[in-house]
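In: Sequence unavailable; structure follows:
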């Protein structure tokens, strides 16, 4: 099987990214870009991001999850702590988050350190979820081998019956991560592949240093 993709080309002409037009703190630029994507970017899920970890087998692995909160502290997402990504983070908290918003020809790459979010934040977010999502978090031994789809659905029906009319508590193995960034790179597509790349790096005194990178 073979397919030649060498003729897949397009010209990126929707924006520019210049040092004189960006804030000193990258989280403020992230907020601006996110607002623009959310309202004008034509993206169904602007909070969809790729989380990259180094697995227990030594291989990097990427998967798409949903960003649920961002602040000056960093970026929050929720998952099963006993999943493949959870075990990888427990061994090596160095992670990479990335967003690609093709509608506005933008990409963001975030390197940071992941830590478990405070329990009260995980409790609050879990409580806000629909009951079906709560039960899904309980019934799924995420990343583990299972026998069949039918087996999973049968377990869900049992849980639905056992929690009928009852509050569904957050399981201890499910919760949030906060990724505290140490580097954030903003990429804006430009014509002739001369893209704009500005990288913010946190120095030892917790100041953000901006460098332009060659495309």
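Out: Received it, and whenever you're ready, just let me know what you need. Since this is a predicted model, take the numbers as computed values, not measurements.
In: my guess is residue 100 contacts residue 107, does it?
Out: Yes: using CB atoms under 8 Å, residue 100 is in contact with residue 107, at 4.9 Å. For every residue, glycine as well, the C-beta is placed using N, CA and C.
In: For the residue nearest the centre of the chain, which residues count as its bridge partners?
Out: The residue lying closest to the centre of the chain (CA atoms, centre = their mean) is residue 49, at 3.7 Å. Judged by DSSP bridges, the bridge partners of residue 49 are residue 65.
In: Pull the number of nearby residues for residue 25.
Out: Close neighbours of residue 25, defined as other CB atoms under 10 Å, add up to 14.
In: now swap in residue 155 and tell me
Out: For residue 155, using other CB under 10 Å, the count is 16.
In: Enumerate the positions of the helix or strand hosting it that are buried.
Out: Secondary-structure assignment from DSSP states H and E places residue 155 in helix 149-162. For helix 149-162, the neighbour count (16 or more other CB atoms under 10 Å) marks 155, 156, 159 as buried.
In: Just give the closest residue to residue 119, not the sequence neighbours.
Out: Leaving out its chain neighbours, the residue that sits closest to residue 119 by CB to CB, 6 or more residues apart in numbering is residue 175, at 7.0 Å.
In: pretty sure the one you found contacts residue 117?
Out: Yes: counting by CB under 8 Å, residue 175 does reach residue 117; the two are 6.2 Å apart.
In: where do the contact lists of the two overlap?
Out: With contacts defined as CB atoms under 8 Å, 6 or more residues apart in numbering, the residues shared by residue 175 and residue 117 are residue 78.
In: by contact count, what packs against the strand ranked longest in the chain?
Out: If you go by DSSP state E, the chain has its longest strand at strand 174-188. Strand 174-188 sits against helix 26-40, strand 75-80, strand 106-116, helix 119-128, strand 196-202, with contacts defined as 3 or more CB pairs under 8 Å, 6 or more residues apart in numbering; DSSP states H and E.
In: Go through those and name the closest to residue 136.
Out: Nearest to residue 136 among those is strand 75-80 (10.4 Å), distances taken as CB to CB.
In: Contacts for that closest one, please.
Out: Here strand 75-80 has contacts from 49, 51, 65-70, 85-86, 97, 110, 112, 117, 121-122, 125-126, 137, 140, 142-143, 173-179, 181, using CB under 8 Å, 6+ apart.
In: Now, of those, which are buried?
Out: Among those, the ones that count as buried by 16+ other CB under 10 Å are 49, 51, 65, 67, 69-70, 85-86, 97, 110, 112, 117, 121-122, 125-126, 137, 140, 142, 174-179, 181.
In: in stretch 200-215, what counts as buried?
Out: Neighbour-count burial for stretch 200-215 flags 200, 201, 202, 208 (criterion: 16+ other CB under 10 Å).
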